[in-house]
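# Take a look and give me a structure for this.
(one chain, ligands or ions: 1)
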Amino acid sequence: MNINPHSRKLHRYRQTPAHRALVAETHLNPAQFVMPIFVHEDLVDPQPIASLPGISQWPLSHLNNEVESILKTGIRSVILFGIPNHKDPAATEAYNTNGIVQRAIRQLKTAFPDLIVMADCCLCEYTSHGHCGLLKPGQEPHFDLTQTLETLGKTALSYAEAGADIIAPSGMMDGMIAHLRTTLDAAQFDSVALMSYAVKFASNFYGPFRDAAGSAGNFIGDRKHHQLAYTQRREALLEAADDEAEGADFLMVKPAMAYLDIIRDLRNTTHLPLAAYHVSGEYSMIKAAAEKGILDEHAAFDECFTALRRAGTDIIISYAAKAFWTR
Ligand code: PBG
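Sure, this is the predicted structure:
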């Protein structure tokens, strides 16, 4: 092969918008975006979340309108987070068949049968202490794993009974995927899929979410006992491999932008669909910069989302999803 290095001029691909579109390797599609929705048991009107500009907590009375406007953009999936009006150490509201998330699922699946309804499955919004699992008495923050898995199982079942399409356990509890799969299958919910927050890092970018979901907790400490340290690349792959072996249908990496290497590693090692959660802090950073006129919001999100797809992501969960596709 005789390649003259001076004969190739890469700018020939880039001369006009049509040239660039012709050779574009990466594309965004609203059907692969998921819009997070916070449903609040106590509200009458939507309540804007100060640290997540443009995002609100929703009462059930306004939920259908909001979802209708999301569907108009071409987005076909939402993920629900609940803010209950009662919390206790055993997270009993998490699996209440009349809980806020269970009612939201039933309402949405009745109004929009084709909408994909995902439900985040974690206890941190429902425990009075704010931890993601149930605790061994006097040993904070050591989890009682057996009790925690049992409670997550009851929660997942109540979501499946309400009509959820995909259950997304986000607590990073060992064995949670196997336990939930077994629990769902035993109750004949074998069509309900599991999207595991398989690789969830103990991140500094979750702050606004904890305001939005009321899950900041009043505990001293952090979630480093169960969430992964951001020093860990091989351990991230172990987490994902375990969840795949336990029966996860989808694997998620969270947060997104600081973990493109993990997404690429997973893309090269699993055939499961991959999701990336562009989290609250990542969203609010761009919103804050745009508010100051430092950057163009839509262009910045476009670049981030395209990078996620280029790294190997199939599904993007983002607070910007609705506004991004509303044009
Ligand atoms: C619940 C959960 C969290 C997020 C999604 N599910 C918070 C946490 O682990 O504290 C974070 C989402 C975000 O920051 O946007 N366990």
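# burial count for A258?
14 (other Cβ atoms under 10 Å). Every C-beta, even on glycine, is put in place using the N, C-alpha and C of the backbone.
# Next up, the contacts around the residue nearest to it when sequence neighbours are not counted.
Spatially, and ignoring its direct neighbours in sequence, A258 is nearest to Y230 (7.2 Å; Cβ to Cβ, 6 or more residues apart in numbering). Residues in contact with Y230 (Cβ atoms under 8 Å, 6 or more residues apart in numbering) are F201, A202, S203, A258, Y259.
# Give me the phi and psi angles of Y230.
Backbone torsions of Y230, given as degrees, to the nearest 10, read phi -80, psi 0.
# Please list only the buried members of the contacts of Y230.
Among these, the ones that count as buried by 16 or more other Cβ atoms under 10 Å are F201, A202, S203, Y259.
# Among the residues you listed, which pair sits farthest apart?
Pairwise distances among the buried ones among the contacts of Y230 were taken by Cβ to Cβ; the largest, 12.3 Å, belongs to A202 and Y259.
# Got phi/psi on T183?
Backbone phi and psi, for T183 under degrees, to the nearest 10, turn out to be phi -60, psi -50.
# who's in contact with it?
G153, A156, L157.
# The last one reaches L184, doesn't it?
Yes. In this structure, L157 is within contact of L184 by Cβ atoms under 8 Å, at 6.9 Å.
# Where does pLDDT dip in the stretch 51-200 of the chain?
139-141 (pLDDT under 70).
# Show me which residues of the protein sit near the ligand.
Contacts of the chain with the ligand, taken as Cβ under 6 Å from any ligand atom, map to 120, 122, 124, 132, 170-171, 206, 209-210, 215, 223, 279-280.
# can you rerun that using 5 Å?
C122, C124, S170, Y206, F209, V279, S280 (Cβ under 5 Å from any ligand atom).
# and of these, the nearest to L10?
The closest of those, once distances to L10 are taken by Cβ to Cβ, is V279, at 34.9 Å.
# Leaving out the residues flanking it, which one is nearest to the closest one?
P255 (4.4 Å).
# OK, contacts around that neighbour?
Per Cβ under 8 Å, 6+ apart, neighbours of P255: F201, S203, F205, Y206, Y277, H278, V279, G281, E282.
# cool, and L43?
Contacts of L43 (Cβ under 8 Å, 6+ apart): Q57, W58, P59.
# do the same with V67
I37, V78, L108, A111, F112, L115.
# which residues of the stretch 101-250 of the chain fall in helices?
Per DSSP state H, counting those that start in this stretch, the stretch 101-250 of the chain carries helices over the ranges 145-162, 176-186, 207-213, 234-246.
# Make JSON lines out of those and add distance to T26.
Shown next, in JSON lines, are the helices of the stretch 101-250 of the chain (distance: least, Cβ to Cβ, whole Å):
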{"stretch": "helix 145-162", "distance to T26": "33"}
{"stretch": "helix 176-186", "distance to T26": "30"}
{"stretch": "helix 207-213", "distance to T26": "27"}
{"stretch": "helix 234-246", "distance to T26": "22"}
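# Need the residues of the chain next to the ligand in TSV (columns: neighbour count and distance to A240).
Shown next, in TSV, are the residues of the chain next to the ligand (neighbours: other Cβ atoms under 10 Å; distance: Cβ to Cβ, whole Å):
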residue	neighbour count	distance to A240
C122	25	18
C124	23	22
S170	22	15
Y206	22	20
F209	24	22
V279	25	18
S280	26	23
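# All good on my end, thank you.
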